[in-house]
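K.L.:
Here's my sequence, what's the structure:
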Amino acid sequence: MKGFVRAALAAVRPADVLPSPNIWHWPEVYEVENRAQDVGGAIWGALREECDWTGRDVVDVGCGDGFHLPVFAADARSVTGVEPHHPLVARARARVAGVPNAEVVAGPAQRLPLRDASADLVHARTAYFFGPGCEPGLREADRVLRPGGALAVVDLDGLAAPYGPWLRADEPRYDPVEVERFFAEQGFSLRRVRALWRFERRSDLEAVLRIEFSGAVAERAVAETPGLAFEVGYRVHVRRKPAGLLLP
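P.N.:
As a prediction, this is how the structure comes out:
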């Protein structure tokens, strides 16, 4: 596995990093959120249908504290998590300490510390690839992918209620139509997925909504969400690297 990583890792420059206030400041609450998300496995099912990673080499960009790495590792030949925020790198390494085919390296999406043509799947979930401006990361993903490999970007669906309206209210500059147009122009497919979020306690649900949204929007989301569960819309975008010579 160590050969999968460049021998010398460049330091992560602060300008390369898009802050993630939720997991950076409240990692324990974010762990609760991760466990509540997609309890029925809808996203995982869609991903496997689009780009099955069984027996293949996987890179998870912006892996956070590594929550998804053991899932990939169960079937993949290898999985490498890449994360720019060093406290999360440490947490992710602790999570996969007993997983022989998984490792975590520090680095930004714009400069992946990985060899050319060393991965079959590059995956990013609600990390870095948010639309216009992520072109450097797209180029890096193409560099590390083998011919025929896939880049899979999973993000929230800003057009799907109830989460989409909360997201747009919290960030009025966010234009989900523009984001979808960007990925289409970059050659990605689009698959919409509805995933169930289910919590064990009402206090957990409210705590998660309060780290995801600013004060007024968080209270609106809490008020509009009775019980312990709600559905969230996602977009699954996939683009494959050409497997052979492209002729005009």
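K.L.:
Going by C-alpha atoms from here, please, whenever you check contacts or count neighbours.
P.N.:
Noted.
K.L.:
From the contact counts, what lies against whatever helix or strand I211 lives in?
P.N.:
Following DSSP states H and E, the helix or strand that holds I211 is helix 202-212. In terms of contacts (3 or more Cα pairs under 8 Å, 6 or more residues apart in numbering; DSSP states H and E), helix 202-212 is packed against helix 21-25, helix 27-36, helix 215-223.
K.L.:
now these as TSV including mean neighbour count and mean pLDDT?
P.N.:
As requested, these are arranged in TSV below (neighbours: other Cα atoms under 10 Å; pLDDT from 0 to 100):
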stretch	mean neighbour count	mean pLDDT
helix 21-25	14	86
helix 27-36	17	96
helix 215-223	15	98
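K.L.:
Distance to F188 added to these, as a markdown table?
P.N.:
As requested, those are exported to a markdown table (distance: least, Cα to Cα, whole Å):
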| stretch | distance to F188 |
| --- | --- |
| helix 21-25 | 28 |
| helix 27-36 | 26 |
| helix 215-223 | 31 |
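K.L.:
For V154, which of these is the nearest?
P.N.:
V154 sits nearest to helix 27-36 of all the helices and strands packed on helix 202-212, at 14.0 Å, using Cα to Cα.
K.L.:
Which helix or strand in this protein has the lowest average pLDDT?
P.N.:
helix 21-25 (a mean of 86; mean pLDDT, DSSP states H and E).
K.L.:
Helices of the chain, start to end?
P.N.:
21-25, 27-36, 42-50, 69-73, 86-95, 135-144, 163-170, 176-185, 202-212, 215-223 (DSSP state H).
K.L.:
most packed of those helices?
P.N.:
Greatest average neighbour count among the helices of the chain goes to helix 69-73 (a mean of 20), per mean count of other Cα atoms under 10 Å.
K.L.:
Sweet, I'm off.
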